[in-house]
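S.K.: Based on what follows, work out the 3D shape:
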Amino acid sequence: DSGKPIYKASSGAALLAALEGCIKGHKSLREAGLLHRDISINILTINEDDNNPSWPSFLVDLDLAIKEQREGVSGARGKTGTRAFMAIGALLGEQHSFMHDLESFF
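M.R.: From the prediction side, this is the model:
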């Protein structure tokens with residue numbers, strides 16, 4: 001991957017377009033049956049390099065991602081994710097869901 005965190009976008013419009021792209025990327029993960037579980041400001045990435053025609057925005061760091069449909073707990077020893085961006089329900093001990101990931105975007 002090549003890019004920078006979306007808070008370093010060149011304009012407000014570029015930031016909003018990148019945010020939309022990252023949310024669409026999250027939707028693709030969900031359609032593939034995965035939960036990211038670590039949405040935060042540094043995970044949302046923008047590519048404004050005209051010489052590198054990869055995706056204009058994307059999510060990185062899938063190391064905490066798990067299958068959404070699973071038989072047991074994830075195996076993590078505690079709550080996963082960046083606390084400042086974690087959904088309230090996840091902080092209160094609810095099983096992590098795609099809605100918790102979506103809440104972390106905002």
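
S.K.: any idea which element Gly89 lies in?
M.R.: Using DSSP states H and E, Gly89 falls within helix 88-91.

S.K.: Convert the C-alpha atoms of that helix to PDB, please.
M.R.: The C-alpha coordinates for helix 88-91 follow below in PDB (Å, rounded to 0.1, in the frame of the first residue of the first chain):
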ATOM      1  CA  ILE A  88     -19.200   2.500  23.100                       C
ATOM      2  CA  GLY A  89     -20.800  -0.900  23.000                       C
ATOM      3  CA  ALA A  90     -17.500  -2.600  22.200                       C
ATOM      4  CA  LEU A  91     -16.000  -0.800  25.200                       C
END
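
S.K.: which secondary structure elements does it contact?
M.R.: helix 98-105 (3 or more CB pairs under 8 Å, 6 or more residues apart in numbering; DSSP states H and E). All C-beta spots, glycine's among them, are computed from the backbone N, C-alpha and C.

S.K.: From Leu44, how far off is the nearest residue to Gly89 once chain neighbours are set aside?
M.R.: Excluding the flanking residues, the one nearest Gly89 by CB to CB, 6 or more residues apart in numbering is His100, at 5.9 Å. Distance of His100 to Leu44, computed by CB to CB, to the nearest Å: 16 Å.

S.K.: Repeat that for His96.
M.R.: Distance of His96 to Leu44, computed by CB to CB: 18 Å.

S.K.: Who has more neighbours out of those two?
M.R.: Set His96 next to Leu44 and count neighbours by other CB atoms under 10 Å: Leu44 wins out with 27 against 22.

S.K.: Verify the contact between that one and His36 for me.
M.R.: No. Checked against CB atoms under 8 Å, the pair Leu44 and His36 is beyond contact range at 10.6 Å.
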